[in-house]
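*Asks:* got a structure for you, letters missing:
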């Protein structure tokens, strides 16, 4: 199920998104090798995950003439936990996993971030299906029900050509098959990361796809239209050109029809749950009649989801995010008014119901994350705090929720408490990429909340950089992106004699780490760029 960016922690970089097991099988086509230690303890059961490195998996897939399914995730990630509890533990997926070579790539395993760079993946989770020859077929979505996931997986396994070829044909008006349209509609645009379409070109491409999508493929065209609206909202947020007045008028007519269609709503659960604010703001002005109509239509779509039926069963996190969507719509309709007591009661009751129904495991990790987000959106910060404090005693990844507790404390003006939670979160984090990410969060918190404590910033900065020492694969993808952000923040902070001295010590520590990397390695160049001031452009250049 697709998750929105975390509503609580502003210290976590957005990139960019948020079990019962069968018995394991051994494939006769390969000799199993030891799985990487970092991931071996939490491989979802019931699937014969390839036990070896990724290149060996591609070689095995080629030798067997099978596609390769790559999952990229992290143990602490709530959307990943949701995938494990709603897709990987189901018989439909486990049976189909015999048809491909399944590869589980945890972001903390050796070379994981380097491989993330290679495959163009950043956000957790990302799921990619490759042909036996290594060509990428498609990226699979998480925000669909199990039956739809199984259907699109079957379609992708039978695909005769990869997604770039399908996209080129469809966006040029060349006739493609209904299955090709299905692959386009269910492509995981959220995890594309510019691989298929550069972000700045996505709106134009989706505009063309919607103009060519056949009218008799309503579910597919509906999904593509929601993606078009999402791309238009992203373009508006980035200051890029957006649909003109005529296109917006058309959207105000077409969107209510989609929201009023039970079939379209069930095919777009993720968009209905998470897309209201951006789309309604794009298409209407506050207080306008157009806004009122859009809000009413979206509320009706949420009612359709709440009723379920026809095979639709919302997961615990989706039930919570449905109430969260009602709150967002209420704020769109009446931004200056307090939330109705009945809506607050609905939020509390939903959290109690879902928490009681998910006592442990992956499903609970995902559910508590959604529950805290719901409480936060509703302004029930005391309830959110109590929920998260209780959960850190139970969770296998308590450091994840500590970031939310830090954010709650920061927003309440309790900065010492916030720093304490960030420190605890960093101390408890596990895995090399995760430890650097949580160290990044702690250091950013210090820069934001205690900028005068240069001695502590120096100590923590040296410790966080030390997380990268001795790992030739450290300076890639998510870690590289955070290092770039950290460099910019430290350079901005490091004005004045005392602070400049701290930056100098951090620069020297980084230089020592960089010196241990292979000379021609791309990661070394990323390392050497840390805390290097930007060179002003030469006049006339």
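*Replies:* Perfect, I can see it now. It should be emphasised that the depicted structure is a prediction, and the values quoted were computed from it without experimental measurement. Residues are numbered from 1 along each chain as shown.
*Asks:* what about the nearest residue to residue 76 once chain neighbours are set aside, distance to residue 266?
*Replies:* Among residues not flanking residue 76 along the chain, residue 397 sits closest, at 4.0 Å (C-beta to C-beta, 6 or more residues apart in numbering). All C-beta spots, glycine's among them, are computed from the backbone N, C-alpha and C. Distance of residue 397 to residue 266, computed by C-beta to C-beta, to the nearest Å: 32 Å.
*Asks:* one more: residue 164?
*Replies:* 29 Å.
*Asks:* then residue 353?
*Replies:* 22 Å.
*Asks:* for residue 178, same thing?
*Replies:* Separation of residue 178 from residue 266 (C-beta to C-beta) stands at 19 Å.
*Asks:* the two: which has the busier surroundings?
*Replies:* Of the pair residue 178 and residue 266, residue 266 is the one with more neighbours under other C-beta atoms under 10 Å, namely 21 against 12.
*Asks:* by contact count, what packs against the strand or helix carrying the more buried one?
*Replies:* Using DSSP states H and E, residue 266 falls within helix 262-267. Judged by 3 or more C-beta pairs under 8 Å, 6 or more residues apart in numbering; DSSP states H and E, helix 262-267 is in contact with helix 218-237, helix 245-259, helix 289-307.
*Asks:* other SSEs contacting the first one?
*Replies:* Taking 3+ C-beta pairs under 8 Å, 6+ apart as the contact definition, the neighbouring helices and strands of helix 218-237 are helix 178-185, helix 202-212, helix 245-259, helix 262-267, helix 269-274, helix 276-283.
*Asks:* contact partners for residue 255?
*Replies:* Residues in contact with residue 255, defined by C-beta atoms under 8 Å, 6 or more residues apart in numbering, are 225, 229, 279, 283, 294, 297.
*Asks:* which residues does the fourth one contact?
*Replies:* Okay, so that is residue 283. By C-beta under 8 Å, 6+ apart, residue 283 lies in contact with 248, 251-252, 255, 290, 294.
*Asks:* between these, which sits nearest residue 205?
*Replies:* residue 251 (17.1 Å; C-beta to C-beta).
*Asks:* how is this protein divided into domains?
*Replies:* 1-195, 197-286, 430-531 (automatic domain parsing).
*Asks:* and residue 418, which of those is closest to it?
*Replies:* domain 430-531 (6.4 Å).
*Asks:* what mean pLDDT does the closest one have?
*Replies:* Averaged over domain 430-531, pLDDT sits at 96.
*Asks:* what residues of stretch 400-412 count as buried?
*Replies:* Across stretch 400-412, burial judged by 16 or more other C-beta atoms under 10 Å covers 400-410.
*Asks:* in TSV, list these along with secondary structure and distance to residue 358.
*Replies:* Converted to TSV, the buried residues of stretch 400-412 look like this (DSSP: H, G, I helix; E, B strand; the rest coil; distance: C-beta to C-beta, whole Å):
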residue	secondary structure	distance to residue 358
400	helix	16
401	helix	15
402	helix	20
403	helix	21
404	helix	18
405	helix	20
406	helix	24
407	helix	23
408	helix	22
409	helix	26
410	helix	28
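*Asks:* which helices and strands does the host helix or strand of residue 95 pack with?
*Replies:* Taking DSSP H and E as the definition, one finds residue 95 inside helix 91-96. The contact analysis (3+ C-beta pairs under 8 Å, 6+ apart) places helix 91-96 against helix 146-157.
*Asks:* and the helix it packs on, what's buried?
*Replies:* So, applying 16+ other C-beta under 10 Å, buried residues of helix 146-157: 146, 148-150, 152-153, 155-157.
*Asks:* what is the nearest of those to residue 139?
*Replies:* Nearest to residue 139 among those is residue 156, at 9.5 Å by C-beta to C-beta.
*Asks:* mind checking how far the closest one is from residue 64?
*Replies:* 17 Å.
*Asks:* correct me, but residue 477 touches residue 117?
*Replies:* Yes: applying C-beta atoms under 8 Å, one finds residue 477 in contact with residue 117, separated by 4.7 Å.
*Asks:* of those two, which one has the most company?
*Replies:* residue 477 (25 against 19).
*Asks:* which residue sits closest to the more buried one, ignoring its sequence neighbours?
*Replies:* Nearest non-adjacent residue to residue 477, counting by C-beta to C-beta, 6+ apart: residue 116, 3.7 Å away.
*Asks:* check which helix or strand covers that neighbour.
*Replies:* Using DSSP H and E, residue 116 sits in helix 112-119.
*Asks:* about what we covered before: may I ask which of the contacts of residue 255 has the most neighbours?
*Replies:* Result: residue 294 is most packed of the contacts of residue 255 (other C-beta under 10 Å), 26 neighbours.
*Asks:* I'd assumed residue 280 was in contact with it.
*Replies:* Yes: Residue 294 lies in contact with residue 280 (C-beta under 8 Å); the separation is 5.0 Å.
*Asks:* list the helices and strands the helix or strand residue 62 falls within packs on?
*Replies:* Secondary structure assigned from DSSP H and E places residue 62 in helix 54-64. Applying 3+ C-beta pairs under 8 Å, 6+ apart, we find helix 54-64 packed against strand 68-73, strand 101-106.
*Asks:* mind running it again at 10 Å?
*Replies:* On a contact count with 3 or more C-beta pairs under 10 Å, 6 or more residues apart in numbering; DSSP states H and E, helix 54-64 meets strand 68-73, strand 101-106, helix 112-119, strand 126-130.
*Asks:* quick one: contacts for residue 240?
*Replies:* By C-beta atoms under 10 Å, 6 or more residues apart in numbering, the residues touching residue 240 are 199-203, 231-232, 234.
*Asks:* cool, residue 430 as well?
*Replies:* Here residue 430 is in contact with 38, 75-76, 108, 396-397, 399, 438 (criterion: C-beta under 10 Å, 6+ apart).
*Asks:* this completes my enquiry, with thanks.
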